[in-house]
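In: Next comes the sequence, and after it the predicted model I'd like to discuss.
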Amino acid sequence: MKQSSLGAWIAFILGASYFLIPLLATFEFSLRMLRGQYSFEAYRVVFEQTRFQESFSYSLVLALATVVLGVLIVVPAAYFVQLRLPKLRPAVEFVTLLPLVIPAIVLVFGYLRMYNSSSILPLTGSTLGTDLLLTLGYVALALPYMYRSVDTGLRAIDIRTLTEAAQSLGANSATILFRVILPNIRSAILGGAFLTFAIAIGEFTFASLLDRPAFGPYLQWIGSNKAYEPPALAIMSFFITWAVMGVMQMVVSGRRGTR
Amino acid sequence: MSSVSTLTATQPIEMERPKVDIVAWLGLMPFVLFSLFFLIIPTGLLLAGAFFDKDGAFTFANIIGLSKPSIVASYVLSLQISAASALGGALIGAVLATSVVHGGLPTWLRPVLNTFCGVASNFAGLPLAFAFIATVGRLGVVTLLLKFVGLDLYGNGFTLFNFWGLTLTYLYFQIPLMVLILTPALDGLKKEWSEASAILGASVWQHWYYVSLPILWPSLLGSTLLLFANAFGAVATATALTGASLNIAPILLFAQIRGDVLHDPNLGYALALGMVLITGLSNVGYILLTSRTARWLR
Amino acid sequence: MNFVTISQLVKNYGTNKVVRGLDLGIRRGEFVSLLGPSGCGKTTVLRMVAGFETASSGTITIDGENVTSLTPAKRNVGMVFQAYALFPNMTVTGNVGFGMKIAGRPAAEIKARVAEMLDLVKLSNFGDRYPYQLSGGQQQRVALARALAIKPRVLLLDEPLSALDAKIRVSLREEIRAMQRDLGITTIFVTHDQEEALSISDRIVVMNAGNAEQVGTPFEIYNRPSTKFVAGFVGTLNQFKAVRTAGGYDIEGQLVSSDAAGQAAPGTKVTLALRPEAMSLEASPQRSNSLRGVIEEVSFLGSVVRIRVAFGSNKASFDIFNNPNAAPPHRGAEVLLHFNPDDILVLAA
């Protein structure tokens, strides 16, 4: 046992250094904007850029819209498939896995072809239409994670009994779904929502090809034009991702704890 | 008499259930419409486009056009990078996951590693590229440190902007992804199996060879395929690292969408079709292989 | 003399003493059960015999060989686990032959032995199946065959029946006992189910909090429990609060005589215990003691009727056989409960 745990320690430390060195190096690099001293100048410069503020808030709004749309599309589907249409489960699950099979760049290519300004449904013809298309694209990207999270949450509670109990008290389907089921799978939905958010906030391919001023294209622009701001942004986005994942894990483990 | 009355009593209840559950279908409708219009039809139309020419006539010319040396080269390099980062990620990730799950490390390391992997596997795209440029780019911190101690990375032909550089960068999200996928499979290895082996006379190595590896094999292979697909579709990291300088399939497609660099939209559809086929096959392989282990472990 | 000898066996996890100096000798071919509630240390003892846990102190010898510090692989013992623990990637044949394959036996010998073992557990036609294609009972038979295939010196059974349905549990238990007798293999069986232990064992070790409370045949354990714990854990027992008198005991004003006087001085508070089957509503020449009480509850259970009688604050439950020609006694009736003074167990209060 002693020997095998020595090997495990070596593996773990090697792995940890591969993951930590780039973070430390990036952080160090990001502090070097002012000659001869360490400072948070790069971060200050980034925060003051209007382009940063605009693109970040644009992506923030878009990410929130994605979460809301995703929940509205996924929750009723997962609920009814599990409760009333179990025969459709394989088909629905297959569809939810498609975004893992179709690379994002192919999907957006499809959008551009189907919804271009000379098509029947010219969504890309207007700013609002493009924003909608972008949001729906993010919903598609996040679909596998959202669906799996909600589905797992629904399996963990006895939705049949809950539904029948609510029905016996005279509730209709919409009331049951939104007043009974939804609160009970709140943490599962939150878990899926955080992942969705993390995917949407820094997404590059869709936003770039649909030509919207989102955070991803901003990152690319700054990456090819500046030296010290990109590592500062990398550190920031690492910690944003960390915060989102941390909150998500707390939500998920909190759910386990109460059970 | 009593049995007759119970029969008639149950009949109305069965009549209440209509053949088509309208409410349920209504609830499913947003999902159905969404997947049709924003997943299936756009992709379907695009892929179908690969079989038609500019005038809408059926043709295999686009598929044959994929054999252009530049396109073949882009696929080959893509496959190489995906395969290398998938194999490397799978191998290192498996070792890492095994040492944490079965290596006798303190238990508090597990949630730490799990959270970190959740973060790192999502830490892809542009920020990842920035981090690696700051670390092992031409002026990166580690590059300069190594130069200081006498090892000139770039002098020895290393660059972040080729096969090796991209593979090294991809490993940053591939390894954690492997750890995340494989940990449940490793947890599925029951302690009793190793005890049963031990008491039947097997050594630790014999147990791994005869029991653990055969059980894990489908998961290992399947996860590698998933990693492969994951790397194959990645655009942002590659674009940010290399700009358009590296000829890999997703970057070529990106350029094609931007500015029709192939001078033939339908050839672009074929390019996309090729990508979907490759990621699709990897995913199908993954699903088949994991369902095999799921059956065993039921 | 003893085939397996456990002496002064101790297991500590930090400051937690799980096994506290167990002594036990097991004869060749004997079937011994370790019986006790969860956490009593019975499984830890078994795992120390198997070699999965190392003893903090004490020794274990098998057939004269001190195995205390040997690895499991070198002990040549067989083990059957509660959750079957069959290798899911191997067929039944692969599982049963695994031990011999590791030992490097020739293929022909393995094949013959596997066939013999599958025949023994009545699964001859199941050799090509995978564990997931078998029922729980079948899987546990395979596990048994796998453990026996290496001709172990001792067979260790760790609650092998607890994961099974009630019906299969009983039939497999009988089969295990028959097989064990045929093979004459020394067996240690861990269970928390007293009925299982009573029905299957040559001897039972009742364990509590890391100690052996009593070691004896099922008959001795059931009829002459030596401690209150054993009396309470094995079988059901009616307990009465009583005070020792010169010629017997005083149960809330009613006097009963007893020869099993014990050492208690008159006036000492004691607990008396009676097995339900020692009580009767009918007087008989042998049953010289009687207690007057009121029927509190009558539950009709089919072949038997369970009756609860209260004597002041003491209560007793017992079963009478259903008599189709006579109605059972009714609630509130005043009855005399008869029992033989020899059947009284005096437990430390």
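Out: Perfect, thanks for sending it. A quick note: this is a predicted structure, and the numbers were derived from the prediction, not measured. Numbers count the residues shown, from 1 in each chain, chains lettered A, B, ... in the order given.

In: use CA for all of it now, contacts and neighbours both
Out: Noted.

In: Can you check the pLDDT for residue 216?
Out: As the question left the chain open, I've gone with chain A. Looking at A:Gly216, its pLDDT is 91.

In: The intended chain is chain B.
Out: 88.

In: Tell me the spacing between it and chain A.
Out: Applying Cα to the nearest Cα, to the nearest Å, the value for B:Leu216 to chain A is 19 Å.

In: What strand or helix carries that residue?
Out: For B:Leu216, the element it lies in under DSSP states H and E is helix B:213-232.

In: Tell me the helix or strand right after that helix.
Out: Following helix B:213-232 in sequence, per DSSP H and E, is helix B:236-242.

In: mean confidence score for that following helix?
Out: On average, helix B:236-242 scores 83.

In: May I have the next helix or strand after it exported as CSV, CA atoms only?
Out: Sequence-wise, the next helix or strand downstream of helix B:236-242 (DSSP H and E) is helix B:249-259. Provided in CSV are the C-alpha atoms of helix B:249-259 (Å, rounded to 0.1, in the frame of the first residue of the first chain):
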residue,chain,number,x,y,z
ALA,B,249,-10.1,21.2,-40.8
PRO,B,250,-12.0,23.5,-38.4
ILE,B,251,-9.8,26.5,-39.2
LEU,B,252,-10.2,25.8,-42.9
LEU,B,253,-14.0,25.6,-42.4
PHE,B,254,-13.9,28.8,-40.4
ALA,B,255,-12.1,30.6,-43.2
GLN,B,256,-14.4,29.1,-45.8
ILE,B,257,-17.5,30.5,-43.9
ARG,B,258,-15.8,33.8,-43.5
GLY,B,259,-14.6,34.3,-47.0
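
In: so what's A:Ser173 closest to, chain neighbours aside?
Out: B:Val23 (7.6 Å; Cα to Cα, 6 or more residues apart in numbering or on different chains).

In: Is the one you found part of a helix or strand, or is it coil?
Out: Three-state assignment for B:Val23 (DSSP: H, G, I helix; E, B strand; the rest coil): helix.

In: Also C:Ser226?
Out: What three-state DSSP gives for C:Ser226 is coil.

In: same check, this time on C:Thr61
Out: strand.

In: isn't it right next to C:Gln8, touching?
Out: No: using Cα atoms under 8 Å, C:Thr61 is not in contact with C:Gln8; the gap is 11.9 Å.

In: Quick check: residues of the stretch 101-250 of chain B near chain C?
Out: B:190, B:192-193, B:195-203, B:206, B:211, B:214-215 (Cα under 8 Å from any Cα of the partner chain).

In: ranking those residues by neighbours, who comes first?
Out: B:Leu200 (30 neighbours; other Cα atoms under 10 Å in any protein chain shown).

In: Can you tell me the closest non-neighbouring residue to that one?
Out: C:Gly99 (4.7 Å).

In: And the host helix or strand of the one you found, what does it pack against?
Out: If you go by DSSP H and E, C:Gly99 is part of helix C:92-102. Under the contact criterion of 3 or more Cα pairs under 8 Å, 6 or more residues apart in numbering or on different chains; DSSP states H and E, helix C:92-102 touches helix C:107-120, helix C:136-149.

In: if we look at it, which residues are touching it?
Out: Helix C:92-102 is contacted by residues B:197, B:200-202, B:206, C:86-87, C:107, C:110-111, C:113-114, C:117, C:126-131, C:142-143, C:145-147, C:149-150 when judged by Cα atoms under 8 Å, 6 or more residues apart in numbering or on different chains.

In: Next step: the residues of the stretch 101-250 of chain B next to chain C restricted to helices.
Out: Of these, the ones assigned to helices by DSSP state H are B:192-193, B:195-199, B:206, B:214-215.

In: thinking again about what came up before, relative to helix B:191-199, how tilted is the helix holding C:Gly99?
Out: With axes from the mean of the first three to the mean of the last three Cα atoms, to 10 degrees applied, the angle from helix C:92-102 to helix B:191-199 works out at 40 degrees.

In: What mean pLDDT does helix C:92-102 get?
Out: 94.

In: Quick check: which element contains the most centrally placed residue in chain C?
Out: Centrality entry for chain C: nearest residue to the mean C-alpha point is C:Ala197, 2.5 Å, by Cα atoms, centre = their mean. When elements are assigned from DSSP H and E, C:Ala197 belongs to helix C:194-200.

In: Pull out the buried positions in that helix.
Out: Buried residues in helix C:194-200, counted by 16 or more other Cα atoms under 10 Å in any protein chain shown: C:194, C:196-198, C:200.

In: What is that helix packed up against?
Out: Using 3+ Cα pairs under 8 Å, 6+ apart: helix C:194-200 touches strand C:31-35, helix C:166-183, helix C:218-223.

In: Quick check, pLDDT for the closest residue to A:Arg84 other than its chain neighbours.
Out: Excluding the flanking residues, the one nearest A:Arg84 by Cα to Cα, 6+ apart is B:Ala24, at 6.5 Å. pLDDT recorded at B:Ala24 is 86.

In: same deal with C:Ala264?
Out: For C:Ala264, pLDDT reads 69.

In: Would you mind finding the longest helix in chain A?
Out: For chain A, the helix that runs over the most residues, judged by DSSP H, is helix A:50-83.

In: element containing C:Asn78?
Out: Check again: residue C:78 is Gly, not Asn. Counting by DSSP H and E, the element that carries C:Gly78 is strand C:77-80.

In: Partner strands of that strand and their direction?
Out: The strands that strand C:77-80 pairs with in its sheet are strand C:154-158 (parallel) (by DSSP bridges).

In: Could I get the full set of strands for the stretch 51-200 of chain B?
Out: Counting by DSSP state E, counting those that start in this stretch, the stretch 51-200 of chain B forms no strands at all.

In: Having no further points to raise, I will conclude here.
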